[in-house]
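Student: Let me see the structure of the following:
(2 chains)
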Amino acid sequence: MEIGAIEIRARAARPVPPAYQHTPVPRYPADARQQGREGVVVLSVLVRSDGRVEEARVAASSGTAVLDEVALDAVRKWTFVPARQGGRPVESVVEVPVKFALRAP
Amino acid sequence: MILGLFLLALVAWPGVGWGQVAEAPARLEPVVVTPGRIEQRAGEAPASVTVITADDIRHSANVALDDLLRQVPSFSLFRRSSSLVGHPTTQGVSLRGIGPSGASRALVLVDGVPINDPFGGWVPWSRVPLLGIEQIEVVRGGGSALWGNGALGGVINIITRRPTERSGALEASYGSYDTQNFDLFAREVLGPFRLSLEGNYFDTAGYKIVRPSQRGSIDVPADSRHSVFNGRLEFAPTRDLTLFVAGTFFDEDRHNGTRLQINDTQSGSMATGATLSTSDGSEWKAPVFSQIQSFRSTFSTQAADRNSETLALDQRAPSSTVGGSFSWSRRFGDHLLLSGVDLRWVEGETNEGVFANNAFVRNRVAGGEQFFSGLYLQDVVKLGRQWEIVGSLRGDYWRSYDGFRRDTPPPAGVPARQTFSAVDYVIPSPRLAVLFHATPSTDFEGSVYQGFRVPTLNELYRVFRVRNDVTVANEHMRPERLTGGELTARQRWAPFDVRVTGFWNEVSDQILNVTQSRLLPDCPAGTTCRQRQNVELTRIRGFETEVEVRPLPGWRVLAGHIYSDARVVEAIRQPALEGKRLAQVPAHIVTLGVRYDNPTWVNVAANVRLVGRQFEDDLNTLPLNAYTLVDLQLSRPIAKWGEVFLAFENLLNETYAIARTSDGIVSIGGPRLVRGGFRVTY
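Tutor: Numbering: from 1, shown residues only, chains lettered A, B, ... in the order given. From the prediction side, this is the model:
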């Protein structure tokens, strides 16, 4: 898109956002499964320059506490390809949506 | 929290603070979590669980619940035959080959209520229509510490769809052998009331179950027909309280392969109860249930050329049961406590006419009552992020009483009236399990447990017959006791998820059908005579492996294998059995399931099952050869509300033996079954 291109050029110094590296998916919590709970939880994750997770929090709840917790627990153990700024790994904040769906899409 | 994270970012890395990326942070692609096939019950109790979801069921070629469950390699019934043609009394489930017979060595629960037949312990699979199932969990290893009697091999937990919204679904199919299945499911929500209704009608003309080369004029197709009606009404006046009442009516008629051999079952059951969450974080559950059932089955004596048969037995077995439970669970910091009480009462009898050469010989009535009660406590402790420990202890009291038998007129050597003295036992069932999350993608689990199963009224009192092989009852049997343990390693390594479990179970006083060298009074002349007996010690050990791979979007591969070495170790009265393999347990079962989902074109689901050689009998003289079955389902969505499908069971039309009697007659499993149908949802 035009605007996007302009934006990127204008902020050439912005870090390249991080990417997923090792992201083992959590188990669907049995209770939530039995009660038919689904939803998307968006996590805000502070990724260190070595790709590990320093801290994560819920930015938007799925509406079910146990799903939020399970997603948080999982994301804390993930590793990322760290964000880069000028070719150097830097820490960054990224939003990670985790979608709990009882049926495969 | 937000501030904390903010400060942390500023303090720990002052060079690149939160402030410098103050624009909305980048958002990555969503990660989708769906229930995997290989599951642990994290935070509940580590155990080997395999999950089959509503989605898996929809994509399965199988029309019968037991055939669907055979995708799990450790699942097996007493015989290889499907419940579509099998005699109901052979539909007992065992997990990992722990003592298969008509009586189940695992408990099957529908929404927490056991459905194992109260009289005989087998499972009425056709009573659970597939459309209404949300999910099935197959939990192996030591279920008695929570569930008591019968759960020694584990638990199969069927969860039906909750009435959470207005919706409905209809599935209809028709196929070979005039096989038709209609399943209708509807849910409605009106304020605090939630209702679900389901009706299922199934009918098949069946096939001739005797091997073609041995058939005679008496052989007719083994047909079956059943209707099920399920209703459930929930009332949820507040978020924390739900009251429910549910009922099931079931009616089934079958022919068993000859004109004179039929069986039918009618049952009605009711359940009601409440679930309550209180402000201290406790959850309370209190369901009660009852069932009334009638069961009739006839058996014939068949000539060697299979051109004539005469009625041998006409049995009626009415039974009734009432049960209830009360449970409480609450989290205390790192502990999750669960405690409860179960009560159950069962009454039943077999009332049979014995015939020989078309003439009435005698009437035999035998039965009794049983009472069970159990008390259990479980604690799940989380120690840091890596360790989880579960300790459970259950105590059961079992009493069998008012046992009787009347023979009119009695056979030689049997008194006309007998009453059996009551027996009672107090049985403890402990379990200890440890789960270690070694790394985010590697887990280890270990557990040790004890479990038990008491003889059913059927085993104590009812005689059964497969052609000229007669198995007689034994009113003096003791409970089976299992002591076992297992070790599991699980590794997730995208896109692979692998779990390997080694298990070792020893069962004392296992009830087996033991061939007798002399005819007992209940075995007519010219028959092979077996009797149910406690055998001192059997050992079932082996390992199971499950692999789940999601190599590309839309693809899923599941592979499973079980090796089960199931043998009699000690049989004091029948030393010939020592070292012999348990009847009906193959050493190897391999399963492979491949799914490809492409809703815009076609969804494909194929399942392959290889079952190794096994023996029909305790003495290992009647082998049943290995076989391979392939099931395939093709489906294609139509608009948002529909789907058409084509299902093939036994696609390659493999002929395989499911039973071999001592006179050499072989029964065969189902030939290719092709069904086409549609599903509509709203």
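Student: ok, now which ones touch residue B:556?
Tutor: A:104, B:548-550, B:593-595 (Cβ atoms under 8 Å, 6 or more residues apart in numbering or on different chains). For the C-beta atoms, the positions are set from N, CA and C on the backbone; glycine is no exception.
Student: If we use 6 Å, what do you get?
Tutor: B:550, B:595 (Cβ atoms under 6 Å, 6 or more residues apart in numbering or on different chains).
Student: Mind telling me what element it is part of?
Tutor: If you go by DSSP states H and E, residue B:556 is part of strand B:555-570.
Student: Restrict that strand to CA atoms and write it as CSV.
Tutor: Extracted C-alpha coordinates of strand B:555-570, given in CSV (Å, rounded to 0.1, in the frame of the first residue of the first chain):
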residue,chain,number,x,y,z
TRP,B,555,-2.9,-32.0,7.3
ARG,B,556,-2.8,-34.2,10.4
VAL,B,557,-1.3,-37.6,10.8
LEU,B,558,-1.8,-39.8,13.9
ALA,B,559,0.1,-43.0,14.4
GLY,B,560,-0.3,-45.4,17.3
HIS,B,561,1.0,-48.7,18.4
ILE,B,562,0.5,-50.9,21.4
TYR,B,563,2.4,-54.0,22.4
SER,B,564,0.7,-55.9,25.1
ASP,B,565,2.1,-59.1,26.6
ALA,B,566,-0.9,-60.4,28.5
ARG,B,567,-0.3,-63.8,30.1
VAL,B,568,-1.5,-66.1,32.9
VAL,B,569,1.3,-66.3,35.5
GLU,B,570,-0.2,-68.5,38.1
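Student: Please enumerate the strands of the stretch 101-250 of chain B.
Tutor: Applying DSSP state E, counting those that start in this stretch to the stretch 101-250 of chain B gives strands spanning B:107-110, B:113-114, B:133-140, B:154-160, B:167-175, B:179-190, B:193-207, B:222-238, B:241-255.
Student: Give me the contacts around the second one.
Tutor: The set of residues that contact strand B:113-114 without belonging to it, under Cβ under 6 Å, 6+ apart, is B:107, B:271, B:289.
Student: Next, the buried residues of the strand holding residue B:556.
Tutor: Judged by neighbour count (16 or more other Cβ atoms under 10 Å in any protein chain shown), strand B:555-570 contains these buried residues: B:556-564, B:566-569.
Student: So which of those residues sits lowest on pLDDT?
Tutor: Across the set of the buried residues of strand B:555-570, residue B:556 stands lowest in pLDDT, at 89.
Student: who does that one bridge with?
Tutor: Residues in a beta bridge with residue B:556, per DSSP bridges, are residue B:595.
Student: Longest helix of chain A, counting residues only.
Tutor: Secondary structure of chain A per DSSP state H: the longest helix is helix A:65-75.
Student: For the buried residues of strand B:555-570, give me JSON lines that also has distance to residue A:42.
Tutor: Formatted as JSON lines, the buried residues of strand B:555-570 follow (distance: Cβ to Cβ, whole Å):
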{"residue": "B:556", "distance to residue A:42": "26"}
{"residue": "B:557", "distance to residue A:42": "31"}
{"residue": "B:558", "distance to residue A:42": "31"}
{"residue": "B:559", "distance to residue A:42": "35"}
{"residue": "B:560", "distance to residue A:42": "36"}
{"residue": "B:561", "distance to residue A:42": "40"}
{"residue": "B:562", "distance to residue A:42": "41"}
{"residue": "B:563", "distance to residue A:42": "45"}
{"residue": "B:564", "distance to residue A:42": "46"}
{"residue": "B:566", "distance to residue A:42": "50"}
{"residue": "B:567", "distance to residue A:42": "55"}
{"residue": "B:568", "distance to residue A:42": "58"}
{"residue": "B:569", "distance to residue A:42": "57"}
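Student: For whatever residue of the stretch 101-250 of chain B ends up closest to chain A, the count of nearby residues, please.
Tutor: Residue of the stretch 101-250 of chain B nearest chain A, by Cβ to the nearest Cβ: residue B:159 (5.2 Å). By the measure other Cβ atoms under 10 Å in any protein chain shown, the count of residues near residue B:159 is 20.
Student: Which positions in the strand of greatest length in chain B come out as buried?
Tutor: Criterion DSSP state E: the longest strand present in chain B is strand B:359-383. Across strand B:359-383, burial judged by 16+ other Cβ under 10 Å covers B:362, B:364, B:366-372, B:374, B:376, B:378-380, B:382.
Student: for those, which one is nearest residue B:148?
Tutor: Relative to residue B:148, the closest of those is residue B:374; by Cβ to Cβ it sits at 4.2 Å.
Student: What distance do you get for the closest one to chain A?
Tutor: Between residue B:374 and chain A the computed distance is 23 Å (Cβ to the nearest Cβ, to the nearest Å).
Student: so that residue makes contact with residue B:342?
Tutor: Yes. At 4.6 Å, residue B:374 counts as touching residue B:342 under the criterion of Cβ atoms under 6 Å.
Student: State the pLDDT value of residue A:6.
Tutor: Looking at residue A:6, its pLDDT stands at 40.
Student: meant to ask about residue B:303, not that
Tutor: Looking at residue B:303, the pLDDT reads 89.
Student: and it, how many neighbours does it have?
Tutor: Residue B:303: 11 neighbours (other Cβ under 10 Å).
Student: Spatially, which residue comes closest to it, not counting chain neighbours?
Tutor: residue B:309 (6.9 Å; Cβ to Cβ, 6 or more residues apart in numbering or on different chains).
Student: Next, give phi and psi for the one you found.
Tutor: Phi and psi for residue B:309, reported as degrees, to the nearest 10, are phi -140, psi 150.
Student: Same check on residue B:55?
Tutor: Backbone phi and psi, for residue B:55 under degrees, to the nearest 10, turn out to be phi -70, psi -40.
Student: Tell me which residues touch the residue nearest the centre of chain A, please.
Tutor: By Cα atoms, centre = their mean, the mean C-alpha position of chain A lies nearest to residue A:96, the distance being 2.1 Å. When contacts are counted by Cβ under 6 Å, 6+ apart, residue A:96 is found next to A:43, A:45, A:75, B:28.
Student: Figure out the helix or strand that it lives in.
Tutor: Assigned by DSSP H and E, residue A:96 falls in strand A:92-100.
Student: can you pull the pLDDT of residue 74?
Tutor: Looking at chain A here, since you left the chain open. 88.
Student: my question was about chain B
Tutor: On pLDDT, residue B:74 comes in at 91.
Student: That one: neighbouring residues, count only.
Tutor: 28.
Student: what separates it from residue B:582, distance-wise?
Tutor: Distance, residue B:74 to residue B:582, using Cβ to Cβ, to the nearest Å: 15 Å.
Student: Could you do residue B:264 as well?
Tutor: 31 Å.
Student: coming back round to it: which residues does the residue nearest to residue B:303 contact?
Tutor: Counting by Cβ under 6 Å, 6+ apart, residue B:309 has contacts B:218, B:258, B:260, B:300, B:302.
Student: Identify the residue nearest the residue in the stretch 301-450 of chain B that chain A sits nearest to in space, chain neighbours excluded?
Tutor: Ranked by Cβ to the nearest Cβ, the top residue of the stretch 301-450 of chain B for proximity to chain A is residue B:440, at 3.6 Å. Nearest-residue entry for residue B:440: residue A:77, 3.6 Å, with adjacent residues in sequence omitted and distances by Cβ to Cβ, 6+ apart.
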